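# Predicted model and sequence below, questions to follow.
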Amino acid sequence: MALAAVVAAIALPFLGFAPNRLLSGRPVPLWNAVQGLGGAVALLPGLVLLATPFLRPTRFGLGLTVAAGGLLTAGLVWLAGAQAAALAQGVSAAARTSFASGFWVMAAAGLLAAVDAARRLGLGAVGRLTVGAAIAGLVALQLVSGHLDALSILKEYANRRDVFADAVLRHAVLVASALIPTLLVGIPLGVAAHRVQAVGRAVFPILNVVQTVPSIALFGLLMAPLAALGAMLPGSGISGVGPLPAVIALTLYSLLPIVRNTAVGLDGVPAPVREAARGMGLTPRQIFLRVDLPLALPVFLSGLRITVVQAVGLAAVAALIGAGGLGAIMFQGLFANALDLVLLGAVPVILLAVAADALLSIGIAAATHRIGVLPGRSAP
Amino acid sequence: MTVAGMAPREFLTDRLMLGLVALVALVLGMPSLKPLFATLYPGLDRPLYEAESFVRLTLDHMALVGVSSLAAILLGGGAGIAVTRPWGREFRGLLETVATMGQTFPPVAVLALAVPVMGFGSEPALIALTLYALLPVVENTVAGLDGVPAPVLDSARGLGMGPAEVLFRVELPLAAPVILAGVRTAVIINVGTAAIASTVGAKTLGLPIIVGLNGSNQAYVIQGALIVAALAVVIDAGFDRLAGWLTRWSQR
């Protein structure tokens, strides 16, 4: 009961005092956006959400909170779309309706409530991802159906449909092309650092310093030598700007988590397990592939998760040196003071990072589960 | 161990001291490198960024990082302490979830989103940097306070210490190394993000880089990048030193 009261204390100011408006040059309050039965229905989950803290924290109550939080978020998006369409009638096509702080605060509150309740329910990585995918699906459905087309961010999207698709692809290609050399170099280096201490002592300080240098500075510092190299080798396509310095910098940043986690993961394999494998007559190669690798996999995958999430963000900065990608849209918006363009660039970057994080979390959960089932049974 | 007490050899191989000397030399001596940049880039009309002095930019950069980090330490440390008290336990899961999820958001994207929400300028950059720096501080404060062994707390209470005394004389000193690690992560990220904050209208060391990139002036880019890189390395080495002191102090 005390618990319910405290949760209410967080929940109430979150929603009660939020500035409920949708801004479009002049602010549009929430109550103006709620028109007719549809609008009221869209906000119904919000009322449920306000009531849930007073319910007993049973599985049902928590499940209800998850559903209400998710539906509230989707409902708010729907309302915004409906209101934008209503406002767009009878005005010029250049009119813009954007999300404002009230929307962000309420949507964040809805999502947080859902996430928190999902955590209390004890949902695993897969369960949480299902909830996330369901909420994303509800919003995606509105996107596809064209319900949100009158919102400014989608008007920007409609104006540069081709550019946007290219940017997303380019962004993913940048991250992937940094990941390949990282894995090719990083995994052997990690194995070497695990086996020979001197390698670790030599490699980690260097990688740590690289990780410390701000991305924009590293991009800048790579420019000059690459430009000089390009001038020396005309026709080689080497240049100080564009994707090449971006991929090099991204690879340098990505190495630390991969090398470190490969080494730490292998260090964590208990010696008795290796002994036992040797006693069973496994060759060193078999021990590495069948004992070391699966046991070190969860730690390695969390390194990969850090790397990919970090690379998605760094690739956005790389747009400053002409590498393209979603960052290019974002910075174009910042330099031209086109705020909807900033959103069109920044929001997908965040979504990409969150999606990569979620997918790799599932991988980590699966890898942990596997070793938990196999050797865990024989462990004391 | 003071600077004065250091042997000359020790001083020369010390990463922090070397970095500091290099940083100060770069910031103060950049104008005297003008002939060098003029020789390297003969095609440039203005081989040295002179719109603002590098001293001014460095100080502004450090102020932005310092203020945002300080705010993050106070707010994040406070929140971390609050959720580890009996009365704040309810909020703990939520705070941890937010801290973990928030850190998957790329700092650049958070910075860019500050503009549609708050507009251009130093203040939105300051708020974005503070928000982002909060996350590692909160995470490590909670982890650090959590790591204080229960028997230690029990014996402190057995000695008749009140809750505040236990917090300030037992828990915080023992958790300090872990909290410091979070602060270090936050500050290093902020040094880099503050440089990018030049794109949202804050005057920092990123300005010569951005101006140079937009105007194809590679000399500007190198000048800004060298100083930012040196600043980050020096701050990191400083935290290294601080962590060493703290470990020795808490083991005493």
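Received it, and whenever you're ready, just let me know what you need.
# how deep is B:W245 tucked in, by neighbour count?
Look at B:W245: counted by other CB atoms under 10 Å in any protein chain shown, it has 12 neighbours. Just so you know, the C-beta spots here come from the backbone N, C-alpha and C atoms, and that holds for glycine as well.
# How about chain A: which residue is closest to chain B?
A:G313 (2.5 Å; CB to the nearest CB).
# Need the nearest residue in space to that residue, chain neighbours excluded.
B:P106 (2.5 Å; CB to CB, 6 or more residues apart in numbering or on different chains).
# Was I right to think that neighbour contacts A:V308?
No: contact criterion CB atoms under 8 Å: B:P106 and A:V308 do not qualify, at 11.4 Å.
# who has more neighbours, the two?
Between B:P106 and A:V308, counting by other CB under 10 Å, B:P106 is the more crowded of the two (27 against 22).
# Now do the same contact list for that one.
If you count contacts by CB atoms under 8 Å, 6 or more residues apart in numbering or on different chains, B:P106 has them with A:309-310, A:312-314, A:316, A:349-350, A:353.
# Kindly reformat those as JSON lines containing pLDDT, distance to B:M101 and neighbour count.
Formatted as JSON lines, those follow (pLDDT from 0 to 100; distance: CB to CB, whole Å; neighbours: other CB atoms under 10 Å in any protein chain shown):
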{"residue": "A:V309", "pLDDT": "93", "distance to B:M101": "11", "neighbour count": "23"}
{"residue": "A:Q310", "pLDDT": "93", "distance to B:M101": "15", "neighbour count": "23"}
{"residue": "A:V312", "pLDDT": "94", "distance to B:M101": "15", "neighbour count": "30"}
{"residue": "A:G313", "pLDDT": "92", "distance to B:M101": "14", "neighbour count": "24"}
{"residue": "A:L314", "pLDDT": "93", "distance to B:M101": "19", "neighbour count": "26"}
{"residue": "A:A316", "pLDDT": "93", "distance to B:M101": "18", "neighbour count": "33"}
{"residue": "A:V349", "pLDDT": "93", "distance to B:M101": "15", "neighbour count": "28"}
{"residue": "A:I350", "pLDDT": "92", "distance to B:M101": "11", "neighbour count": "21"}
{"residue": "A:A353", "pLDDT": "93", "distance to B:M101": "10", "neighbour count": "22"}
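# Now, the residues you listed that are in helices?
With DSSP state H as the criterion, helices contain A:309-310, A:312-314, A:316, A:349-350, A:353 from among the contacts of B:P106.
# Surely B:F105 forms part of a helix?
No: going by DSSP: H, G, I helix; E, B strand; the rest coil, the assignment for B:F105 is coil, not a helix.
# low-scoring stretches of chain B, by residue?
Residue ranges of chain B with pLDDT under 70: B:1-13, B:250-252.
# residue boundaries of the helices in it?
For chain B, helices defined by DSSP H occupy the ranges B:8-12, B:15-29, B:34-40, B:54-83, B:92-102, B:107-118, B:122-146, B:150-158, B:163-165, B:172-196, B:206-214, B:218-251.
# Taking the centroid of chain B, which residue is nearest it?
Nearest to the geometric centre of chain B sits B:V187, at 1.4 Å (CA atoms, centre = their mean).
# what domains does the record give for chain A?
A:1-151, A:161-371 (the TED database).
# Any idea which of these has the lowest pLDDT on average?
Lowest mean pLDDT of those: domain A:1-151, a mean of 63.
# Any residues of the stretch 151-252 of chain B in contact with chain A? List them.
Selection of the stretch 151-252 of chain B residues close to chain A by CB under 8 Å from any CB of the partner chain yields B:188, B:191-193, B:195-196, B:199-200, B:206, B:209-210, B:212-214, B:218, B:221-222, B:224-226, B:228-229, B:232-233, B:236.
# Show me how to select, in PyMOL, the buried members of these.
Burial among those is assessed by 16 or more other CB atoms under 10 Å in any protein chain shown; the matching PyMOL selection reads:
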select buried, chain B and resi 188+191+192+193+195+196+199+200+206+209+210+212+213+218+221+222+224+225+226+228+229+232+233+236
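# Just the closest residue of chain B to chain A, please.
Counting by CB to the nearest CB, chain B gets nearest chain A through B:P106, at 2.5 Å.
# Against A:A133, how distant is that residue?
According to CB to CB, to the nearest Å, B:P106 and A:A133 sit 21 Å apart.
# before we move on, the earlier item: point out the most buried one among the domains of chain A.
domain A:161-371 (a mean of 19; mean count of other CB atoms under 10 Å in any protein chain shown).
# Take that one and give me the span from its first residue to its final residue.
This stretch, domain A:161-371, spans 45 Å end to end (CA to CA, to the nearest Å).
# And that domain, how far out from the chain middle?
14 Å (CA atoms, centre = their mean, to the nearest Å).
# now do stretch B:22-31
21 Å.
# Which residues outside it are in contact with it?
By CB under 8 Å, 6+ apart, the list of residues contacting stretch B:22-31 reads B:48, B:50, B:54-55, B:58, B:223, B:226-227, B:230-231, B:234.
# could you dump those to JSON lines with distance to A:A165?
Shown next, in JSON lines, are the contacts of stretch B:22-31 (distance: CB to CB, whole Å):
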{"residue": "B:L48", "distance to A:A165": "42"}
{"residue": "B:E50", "distance to A:A165": "42"}
{"residue": "B:F54", "distance to A:A165": "41"}
{"residue": "B:V55", "distance to A:A165": "46"}
{"residue": "B:T58", "distance to A:A165": "41"}
{"residue": "B:Q223", "distance to A:A165": "37"}
{"residue": "B:L226", "distance to A:A165": "38"}
{"residue": "B:I227", "distance to A:A165": "38"}
{"residue": "B:A230", "distance to A:A165": "40"}
{"residue": "B:L231", "distance to A:A165": "39"}
{"residue": "B:V234", "distance to A:A165": "43"}
